[in-house]
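Asker: Just need the structure, nothing else, for what follows:
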Amino acid sequence: MRDRSSSSARGAKQTAVSLDIVLCTPRGRSLTVLLVRGAEGGREKWTLPWAWFTPGTSPDDRAVHVIADALGAKPGWLAQVGATGDERRHPGGAALSIGYAAVTAARDRGPAADAQWFPVGSLPPLAPRHATLIATAQLALRERLDTAPIAFRLLPATFTLTELQDVYELLLGRRVHKASFRRSLQAAWLVEPTDEWRSEGRGRPAQLFRYAPRKRRGGRRGVRFELLGG
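Answerer: Numbering: from 1, shown residues only. Sure thing, here's the model as predicted:
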């Protein structure tokens, strides 16, 4: 006699949709990704935060809840970066995965007990689909830096221009030309100075700025600057 319960389980898995989140934050001089401990008995010890998608619910809202469970706070920025249903293995066996890229400053709260930050250049073994989603999310962050306030969501309310440049360099994986970067910020009208200053070691204190995009004719101009090699 055929086991209908096993057949149903296999059929459900073949049509199941997962929501998989690549949550990033800078820690020191590295861009890091949040991973959680995989389910007992799984092949990998670590996975991206993920959950099954339930039809009739908002996938974006569900993704925010998944992040809140793993981080203890909502993300500073979140966006879908595509779906994949290829043959690459998912840790839960999902047929289709909706990938998200998210960022957080993560200064006030640490991750849950079963979660940990890992540098993107030194990740533990992951399911092939999760490894692909991380690469996809990194590319999406770089492509959207010019049109979304991603870098500013990784900083406190006030920051120095050096701190802002450091975040751009982490997200791009490249160094940028300092003078070109600052000229571009001024032309884009994205930041405004405050009356506060902060010491950055030797030399004169640095002025603090805040994210305050101004409207202008013809729409807002993005941040375009010269990249350096290496």
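
Asker: So residue 97: helix, strand or coil?
Answerer: Secondary structure, DSSP: H, G, I helix; E, B strand; the rest coil: residue 97 is strand.

Asker: can you count the residues close to it?
Answerer: Neighbourhood size, residue 97 [other CB atoms under 10 Å]: 26. C-beta: built from backbone N, CA, C; applies to glycine.

Asker: Pull the contacting residues for it.
Answerer: If a contact means CB atoms under 8 Å, 6 or more residues apart in numbering, then residue 97 has 17, 18, 19, 20, 50, 83, 84, 85, 90, 129, 133 as its contacts.

Asker: Which member of those is positioned nearest residue 43?
Answerer: Set against residue 43, the nearest of these by CB to CB is residue 90 (11.0 Å).

Asker: Tell me how far the residue nearest to that closest one when sequence neighbours are not counted lies from residue 25.
Answerer: Spatial nearest neighbour of residue 90, excluding adjacent residues (CB to CB, 6 or more residues apart in numbering): residue 129 at 4.5 Å. Separation of residue 129 from residue 25 (CB to CB, to the nearest Å): 22 Å.

Asker: Local confidence estimate at residue 203?
Answerer: Residue 203 carries a pLDDT value of 72.

Asker: Run a quick neighbour tally on it.
Answerer: Around residue 203 there are 7 residues (other CB under 10 Å).

Asker: Ok, the one 4 residues further on next?
Answerer: In terms of burial, residue 207 registers 14 neighbours under the definition other CB under 10 Å.

Asker: Give the other helices and strands that the helix or strand that contains it contacts.
Answerer: Per DSSP states H and E, residue 207 falls inside strand 206-211. With contacts taken as 3 or more CB pairs under 8 Å, 6 or more residues apart in numbering; DSSP states H and E, strand 206-211 sits against strand 158-159, helix 161-172, strand 191-198.

Asker: how about a cut-off of 6 Å?
Answerer: Other helices and strands packing on strand 206-211, by 3 or more CB pairs under 6 Å, 6 or more residues apart in numbering; DSSP states H and E, are strand 191-198.

Asker: got the buried residues for the strand it packs on?
Answerer: residue 191 (16 or more other CB atoms under 10 Å).

Asker: what lines up beside it in the sheet?
Answerer: In the sheet, strand 191-198 lines up against strand 206-211 (antiparallel) (DSSP bridges).

Asker: got the contact list for the partner strand?
Answerer: Contact with strand 206-211 is made by 152, 158, 160, 191, 193, 194, 196, 197, 198, 200, as judged by CB atoms under 6 Å, 6 or more residues apart in numbering.

Asker: The residue lying closest to the fourth one once chain neighbours are set aside and residue 153: what is the separation?
Answerer: Put plainly, it is residue 191. Spatially, and ignoring its direct neighbours in sequence, residue 191 is nearest to residue 209 (4.4 Å; CB to CB, 6+ apart). Residue 209 is 15 Å from residue 153, where distance means CB to CB.
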